[in-house]
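Student: quick one, what's the 3D model for this:
(chains A, B and C)
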Amino acid sequence: MTFAQLVEGSVHDAAPALLGWTLLVDGVGGTIVEVEAYEESDPASHSFGGPRGRNAVMFGPPGHLYVYRSYGLHACANVVCGPAGTGAAVLLRALGPLHGLERMRARRGVEPARLLCAGPGRLCQALGIGAEHDGAALEQPPFSLQPPSAPPEVAATPRVGITKAAERPWRYVVRGSPWLSRGPRPA
DNA sequence: CAGTGGATGCTCT
DNA sequence: GAGCATCCACTGT
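Tutor: Below you'll find the predicted structure:
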């Protein structure tokens, strides 16, 4: 399964399948361990209600980045998924840091490795992802992706930090990973 | 540990 | 003017 094939499928298949992939930005990054799925019919999604303003990228081709600013301060990165125009995306919530740890620390400040990429805002800060990457293709530099050597064991849980449709179990994590944005780990 | 509140900017009403 | 897919520092046990 190539990355392009993966992201053009249903977001509910693509989200868990993205776990275990290694994402690098200019050589800095790690293994995806936590994601959330969003789709157009989902009241919690930025694409809810159709293409407008900032969400235009979500209705473009899959495999591109949708980057938005949260609470005025933090950038958050999504992978556009599904057939082009369907308004679905996968929010990247946590990575296991593998490469460029010193550059991550320089961007984030001195921190335990545990907190470098544990959360959508932290992950973007550590990898240097910002609004200038909104709409960028993930299969082009400075981005690179490598498939997992073996598929990780996946658990589904409710999504984090939203008020609408909060009960939908569309957060997917690598079971037992020490790098998740919040514990305790799901059973 | 858990719980609280401030920072900060963009979109939509 | 309200609300937000967040993070951090601070408080009290």
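Student: what segments of chain A are strands?
Tutor: A:22-25, A:28-38, A:65-70, A:74-81, A:88-99, A:143-146, A:154-157, A:171-174 (DSSP state E).
Student: quick one: list the elements packing against the longest one.
Tutor: Identification of packing neighbours for strand A:88-99 by 3 or more Cβ pairs under 8 Å, 6 or more residues apart in numbering; DSSP states H and E yields helix A:11-18, strand A:22-25, strand A:28-38, strand A:74-81, helix A:120-127. In this view, the C-beta of every residue, glycine as well, is placed from N, C-alpha and C.
Student: count of residues packed around the closest residue to A:L65 other than its chain neighbours?
Tutor: Spatial nearest neighbour of A:L65, excluding adjacent residues (Cβ to Cβ, 6 or more residues apart in numbering): A:A136 at 4.9 Å. A:A136 has 19 neighbours, counted by other Cβ atoms under 10 Å.
Student: what pLDDT does A:A136 get?
Tutor: Residue-level confidence at A:A136 comes out at 95, pLDDT.
Student: quick check: it vs A:L23, distance?
Tutor: 12 Å (Cβ to Cβ, to the nearest Å).
Student: joint contacts of these two?
Tutor: Counting by Cβ atoms under 8 Å, 6 or more residues apart in numbering, the shared contacts of A:A136 and A:L23 are A:F143.
Student: closest one to A:A14 among the strands of chain A?
Tutor: Between A:A14 and the strands of chain A, the shortest gap by Cβ to Cβ is with strand A:74-81, which sits at 4.3 Å.
Student: run through chain A and note the low-pLDDT ranges.
Tutor: A:183-187 (pLDDT under 70).
Student: let me see the contact set for A:M104.
Tutor: A:M104 touches A:V28, A:P97, A:L116, A:C117, A:A126, A:L127, counting by Cβ under 8 Å, 6+ apart.
Student: put together a markdown table for those residues, with neighbour count and distance to A:P151 on each row.
Tutor: Below are these laid out as a markdown table (neighbours: other Cβ atoms under 10 Å; distance: Cβ to Cβ, whole Å):
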| residue | neighbour count | distance to A:P151 |
| --- | --- | --- |
| A:V28 | 21 | 24 |
| A:P97 | 23 | 21 |
| A:L116 | 25 | 24 |
| A:C117 | 33 | 21 |
| A:A126 | 28 | 25 |
| A:L127 | 29 | 23 |
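Student: right, I'll call it a day here.
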